[in-house]
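Novice: next input, structure requested:
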Amino acid sequence: MSNSQPCAIITGGARNIGQAISLRLQQDGFRVIALDIEEPEADSLKADARKVDFGDLPATEAVLSEIAAQFPVRVLVNNVGIVAPAYFDEVRIEDFDRLMHLNVRTALVCAKKLVPVMRQQGSGRIIMNTSRVTLGKEARTIYSATKGALQSMARTWALELGKDGITVNCVAPGPIATTAFWQNNAPDTDYTRELIAKIPVGRIGTPEDVANAVSFFADEKAGFITGQTVFVCGGVTVG
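Specialist: Modelled structure (predicted):
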């Protein structure tokens, strides 16, 4: 490996929550490699970023193999995901494979390539960006299934990888002000206004709120916490 600085890989790390996570882990001292189909907006991420279409399995595996051979990867943040909202009667079966492949298969492919690097170092952190929709939300049949799959997979990996010094945890955002949130929840509708008004802390979340939780799980000091899910939701999951 050509660099001794600990490395963090963030899938979908170029925009919104992914970018906030990438920038926060940079602040924490990691060399951050954002994997995304888009170029990063933040200048500090551009040099190490890799453009990759996670729907292309051979290309994804090739990029990960290259990274695994070069860098001491200690953190993997499985952040990439798409929503495809639809009520039950409108759910399209063809969207099932598309969301499962991007949201879930990508996490497995990345872990398969990068866990051996973590094992060599005797330490690692895998963090899944899931969602409060795993507790139930209308018009999220397939999306909630993918995020529930990630949480279940994380618990299994926590049991299997703990002996290697690798922890696996989930950060489950609630309402966060991202491009996707505003696309799926138009700001000028009564539904969205009521949704935000019901958040106990009195505001919608920011990508940085999610990044702070990821930073906690990524820290070397968090080694006795594994298999857990923290809801970053402003309290909406409490009542």
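Novice: what's the distance between Val83 and Ser131?
Specialist: Val83 sits 9 Å away from Ser131, going by C-beta to C-beta, to the nearest Å. Placement of C-beta: from N, CA and C, glycine included.
Novice: and Gly239, by the same measure?
Specialist: Distance of Gly239 to Ser131, computed by C-beta to C-beta: 18 Å.
Novice: go on, Ile93?
Specialist: 22 Å.
Novice: pick out whichever of these two has more residues nearby.
Specialist: Ser131 (28 against 7; other C-beta atoms under 10 Å).
Novice: tell me the contacts of that one?
Specialist: 143-144, 147, 172-173 (C-beta atoms under 8 Å, 6 or more residues apart in numbering).
Novice: the same query, at a cut-off of 6 Å, please.
Specialist: Going by C-beta atoms under 6 Å, 6 or more residues apart in numbering, Ser131 touches 147, 172.
Novice: equivalent analysis for Asn169, please.
Specialist: Counting by C-beta under 6 Å, 6+ apart, Asn169 makes contact with 127, 217, 228.
Novice: which strands border the longest strand that the chain contains, and is each parallel or antiparallel?
Specialist: As assigned by DSSP state E, the longest strand anywhere in the chain is strand 166-173. Partners of strand 166-173 in the sheet, by DSSP bridges, are strand 124-129 (parallel), strand 229-232 (parallel).
Novice: distance of the closest residue to Pro200 other than its chain neighbours from Ala180?
Specialist: In this structure, Pro200 finds its nearest non-sequential neighbour in Gly235, 3.3 Å apart by C-beta to C-beta, 6 or more residues apart in numbering. According to C-beta to C-beta, Gly235 stands 21 Å off from Ala180.
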